[in-house]
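A.B. asks: A predicted structure for the sequence below; I have some questions about it.
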Amino acid sequence: MDANFKAWLTQQKKDFTEEKIRWLEMIKDHIAGNLSIDTDDFEYAPFSQAGGIGRVCQLFGEELNIMLDELNERLVA
């Protein structure tokens with residue numbers, strides 16, 4: 001899963017801030033433990049402790065749902 005995550009990050013060709021990387025790593029860890037993630041999961045720890053759905057939407061905006069779909073598909077493969 002870590003290799004798939006690193007490959008996905010590289011393909012993004014974006015310079016993610018440290019905060020975005022922390023969120024992406026929390027998302028990766030959640031997928032590792034639950035085999036998927038959706039926006040409802042941001043209501044629970046550890047996401048809720050970092051600002052929950054409101055914060056993740058501020059950080060990733062309209063790209064959030066596309067990003068979650070990609071990570072769900074890539075990381076579990």
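C.D. replies: Looks like it came in fine.
A.B. asks: For this protein, which segments count as strands?
C.D. replies: For the chain, no strands are identified by DSSP state E.
A.B. asks: remind me, longest helix of it?
C.D. replies: helix 18-34 (DSSP state H).
A.B. asks: and that helix, average pLDDT?
C.D. replies: The average pLDDT for helix 18-34 rounds to 97.
A.B. asks: now for it, which elements pack on it?
C.D. replies: Helices and strands touching helix 18-34, by 3 or more Cβ pairs under 8 Å, 6 or more residues apart in numbering; DSSP states H and E, are helix 2-12, helix 52-60, helix 64-76. Every residue, glycine included, has its C-beta placed from N, CA and C.
A.B. asks: Buried residues, it. List them.
C.D. replies: Buried positions in helix 18-34, judged by neighbour count with 16 or more other Cβ atoms under 10 Å: W23, L24, M26, I27, K28, H30, I31.
A.B. asks: follow-up on the earlier one: out of the helices and strands packed on helix 18-34, which gets nearest to S36?
C.D. replies: Closest of the helices and strands packed on helix 18-34 to S36 is helix 64-76, at 5.0 Å (criterion: Cβ to Cβ).
A.B. asks: sorry, back to before: and the angle from the longest helix of the chain to helix 2-12?
C.D. replies: 140 degrees (axes from the mean of the first three to the mean of the last three Cα atoms, to 10 degrees).
A.B. asks: per-residue confidence for K13?
C.D. replies: pLDDT recorded at K13 is 86.
A.B. asks: what number of residues lie near it?
C.D. replies: 6 (other Cβ atoms under 10 Å).
A.B. asks: one step back: relative to T39, which of the buried residues of helix 18-34 is nearest.
C.D. replies: I27 (11.1 Å).
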